[in-house]
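**Student:** the sequence and its predicted three-dimensional model are supplied below.
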Amino acid sequence: MKHPRLAMATVALIAITGSIAARPAGAQPPAASGKPAAGTPPVLRPGLFWKEDWKANDKGVELAIGPANIRNPDLEIKVYGPDPALQGKDSVLRLAGKDGDENNPSHLFSGECKTACAFTFRSKKAMADLTGLARIRVNTKMSGLHRVYPIIKLANGDMYIGDQPQGGSAMRDWIWSEFNIAGINWIKIDPATLLTQGNAVANVDLTKVEEIGFADPMPSSGHGAGGWFDLGQIEVYAKTVAR
C-alpha cells in the first residue's frame, strides 16, 4: 500500500501537469491577483495643465485681487461668496507678499473675508479632465483653524467642493501639499452662498471641468493672528479637453 503522503503528492503533480498540458502553446500564465495582465500599458500621470504664482508689486503692498494680479495670461480668476464685496473691483480677497520671496511669496490673503469665500481659475484655452491620476499642488500658510477646500465648476455649471482640506502650520511656515483628485468625495455647493447641498455625490463627471480653485467656509478675522488663509503657488496636473 502506498504511503498516504506519497499518494497525495502524486495526485497534485498530475493536476499541475494536466494544467500545463491544457494551456495552448505560447500562452501566458494568468496574471497574479491584484497585478495588471501582461501587456497592459501603465497608467500615465498627466502633465501640467496650468500654473499660477500670482503677481504682486515690488513693495509688497496689499492689492485688490483682479486680472492684474494673475501672472498666467491664459487664466481668468473668479470669486464666489455671499459677501457682495467679493465681486467688486476692490474685492476683500487681497493679493499680498512679494515676488521672489520664498518666506513671503506673492499670495492670496483672506483676512478681510467676513463670510465664506472662494476663488477659481478658468483656462481661456481648454477645460480640464480630472480623471485618472490628475492632481493638484498648492503652497499655503494658515492661521487658526482655517483650511482651504478644493472646488470645481463643471461645464454644465454645477459646482462641487471636495472633502480633502489643505493647509496647516499655524503661521509657522509655508507648506506645499499635493493631492490626487481620484481620492476626493465631492459635495454640490451653491456658488452664491457656498453652502453645501446634500451629501457626497457619487460618480461626478470630471471629464469636463471649467474652473478649479479653493474655498474657505469659515469667516476670517482680519489682519494679525486669528483666522485666515494665505495661498501661494498652485499647479494643476490634468488632461486637456478642447471646448
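**Tutor:** Okay, I see it.

**Student:** contacts, neighbours, all on C-alpha from now
**Tutor:** Fine.

**Student:** end-to-end on stretch 222-236?
**Tutor:** By CA to CA, to the nearest Å, the extent of stretch 222-236 from end to end equals 29 Å.

**Student:** do stretch 217-230 as well
**Tutor:** Taking CA to CA, stretch 217-230 runs 14 Å from one end to the other.

**Student:** buried stuff in it?
**Tutor:** Neighbour-count burial for stretch 217-230, counted by 16 or more other CA atoms under 10 Å, picks out 217-221, 226-230.

**Student:** biggest separation within these, which pair?
**Tutor:** By the measure CA to CA, Pro217 and Gly226 form the most distant pair in the buried residues of stretch 217-230, at 15.3 Å.

**Student:** Phe121 sits in which helix or strand?
**Tutor:** Here Phe121, judged by DSSP states H and E, is contained in strand 117-123.

**Student:** helix or strand right after the helix or strand of the chain with the lowest mean pLDDT?
**Tutor:** Lowest mean confidence among the helices and strands of the chain (mean pLDDT, DSSP states H and E): helix 4-22, at a mean of 43. Using DSSP H and E, the helix or strand that follows helix 4-22 towards the C-terminus is strand 48-52.

**Student:** which strands or helices does that following strand pack on?
**Tutor:** In terms of contacts (3 or more CA pairs under 8 Å, 6 or more residues apart in numbering; DSSP states H and E), strand 48-52 is packed against strand 228-237.

**Student:** and the strand it packs on, average pLDDT?
**Tutor:** Taken as a whole, strand 228-237 carries a mean pLDDT of 97.
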